[in-house]
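Q: Mind looking at a prediction? Sequence and model below.
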Amino acid sequence: MRRVVVAEDESLIRMDIVDTLQDAGFDVVGEAGDGAKGLELARELKPDLVVFDVKMPEMDGITAAQHITDEGIAPVVLLTAFSQKELVERASEAGAMAYVVKPFTPAELIPAIEIALSRHAQFKALEDEVADIVERFETRKLLDRAKGLLNQRMGMTEPEAFRWIQKASMDRRATMREVAQAVIQQLDPDHGKEHSRGDHHGKGDHHASKAEHPKPHHDDAE
């Protein structure tokens, strides 16, 4: 059972979040009414996920999310009453894996949590494969582009697309970056050529050209 810490300063909303999570099979191991206490609980309990409100006393949720992400504790889902672009950008920069606008229903909260957990797992896999921070950022951009193409052209969900890329990289003994480049070159040739010319690492394209290009089939994601 996946363990969660919840921080929300409005007690009724916090109770509702906890009930929703428990009904969905999560184990809520810690609750807090402010960001500082939420961060303390996250550090102490090392949960699988944290769900924090943005506007809280002592420490806001975005600041707490930044600490949690920097310390590699758990993926963060932020709750907010606003959906301004600036707030979304701040949440993303702080490392939040997903955000949900209040008021929300269980049908909106739970999928956002599943997406956050999936993205976090993807980033951990990427960290294991790519040590260099700059190269990791470039690889993440390529993966996002490839996943988007697999979604648009092959009808795969984001988790299915990532699993397909991961499986293809293992099957072909290639890196996920090389598989992503091959997908982009096949499904969006113009963009692929453009990116190949601009790839300052160089070696990625050399390996990708040597490896057999994976041919996406939706069944492979099952």
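A: It's in.

Q: Spatially nearest residue to the most centrally placed residue in the chain, not counting backbone neighbours?
A: What sits nearest the mean C-alpha location of the chain, by CA atoms, centre = their mean, is Arg119, with 2.4 Å. Leaving out its chain neighbours, the residue that sits closest to Arg119 by CB to CB, 6 or more residues apart in numbering is Met97, at 4.7 Å. Bear in mind the C-beta positions are built from the backbone N, C-alpha and C, glycine included.

Q: Touching, the one you found and His120? I think so.
A: Yes: counting by CB atoms under 8 Å, Met97 touches His120, with 5.4 Å between them.

Q: The two: who's more crowded?
A: Met97 (25 against 19; other CB atoms under 10 Å).

Q: contacting residues around that one?
A: Going by CB atoms under 8 Å, 6 or more residues apart in numbering, Met97 touches 75-77, 115-117, 119-120.

Q: Show the model's pLDDT score for it.
A: Note on Met97: pLDDT of 75.

Q: and what of Arg136?
A: Listed pLDDT for Arg136 reads 68.

Q: Any regions of this structure where pLDDT drops low?
A: Along the chain, segments meeting pLDDT under 70 span 83-85, 88, 92, 94-95, 126-133, 136, 190-222.

Q: which residues of it fall in strands?
A: Applying DSSP state E to the chain gives strands spanning 3-7, 27-32, 49-53, 76-80, 98-101.

Q: Point out the most buried one among the ones you listed.
A: For the strands of the chain, the largest average neighbour count (mean count of other CB atoms under 10 Å) is found in strand 49-53, namely a mean of 28.

Q: Direction included, what does it pair up with?
A: Paired strands of strand 49-53, with direction, are strand 3-7 (parallel), strand 76-80 (parallel) (DSSP bridges).

Q: Export those strands to TSV and append columns for distance to Leu39.
A: Listed next are the strands paired with strand 49-53 as TSV, based on distance: least, CB to CB, whole Å:
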stretch	distance to Leu39
strand 3-7	8
strand 76-80	11
